[in-house]
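Visitor: give me a 3D structure for the following:
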Amino acid sequence: MASEAGRTFQRFAVFGESSSSGTEINNKNFSKLCKDCGIMDGKTVTSTDVDIVFSKVKAKNARTITFQQFQEAMKELGQKRFKDKKPDEALESIFKLMEGKDPATTGVTKATTVGGVSRLTDTSKYTGTHKERFDESGKGKGIAGREETTDNSGYVSGYKGAGTYDKKSSK
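Guide: Residues are numbered from 1 along each chain as shown. Sure, this is the predicted structure:
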């Protein structure tokens with residue numbers, strides 16, 4: 001049973017740590033392991049309990065714990081999580097929870113859609129001059145959708161005899 005827990009320990013130890021060899025786990029990944037495996041239930045074992053146990057088992061100046069220290073931490077958390085069982089049975093129950101678990105990455109980052117955005121980008125709800133810039137399907141008409149396009153003929157705006165220069169000079 002401890003070998004399966006060791007593999008789970010190693011998978012969580014290297015999660016997000018490119019320099020980690022998998023022999024030691026930091027507090028962040030230890031908390032993630034407890035949360036993802038269901039050891040931390042929010043009632044009997046909270047994130048505060050997990051942090052306290054981690055600090056208790058690690059060396060004074062260390063930031064990580066070894067698998068040996070990890071097993072001590074699991075004994076303490078097992079007694080807290082499964083109060084009605086003996087320490088060894090509680091540890092076995094904890095290891096059963098850990099069996100075959102991987103660090104979860106699903107649902108970590110969720111794209112949020114704000115209600116106002118869909119309302120503002122729905123072209124069927126546009127009114128006035130903005131409505132003219134889109135066809136029935138909601139696709140933009142581009143420059144053709146703008147009524148006032150600039151005249152690049154070279155003539156001053158409002159000049160009535162545009163395009164008649166060649167006709168006058170040829171006589």
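Visitor: domain parsing for this protein?
Guide: Domains of the chain are assigned by the TED database as 1-98, 116-145.
Visitor: for those domains, which has the smallest mean pLDDT value?
Guide: Ranked by mean pLDDT, the domains of the chain end with domain 116-145 at the bottom, a mean of 74.
Visitor: show me which residues of it are buried.
Guide: residue 133 (16 or more other CB atoms under 10 Å). To be clear about C-beta, it is placed using only N, CA and C from the backbone, and glycine gets the same treatment.
Visitor: hmm, back to that, any chance of JSON lines for the domains of the chain, columns distance to residue 156?
Guide: As requested, the domains of the chain are arranged in JSON lines below (distance: least, CB to CB, whole Å):
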{"stretch": "domain 1-98", "distance to residue 156": "67"}
{"stretch": "domain 116-145", "distance to residue 156": "22"}
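Visitor: which one of the ones you listed is the most hemmed in?
Guide: domain 1-98 (a mean of 17; mean count of other CB atoms under 10 Å).
Visitor: to residue 105, which of the domains of the chain lies closest?
Guide: Comparing these against residue 105 with CB to CB, the closest turns out to be domain 1-98 (8.8 Å).
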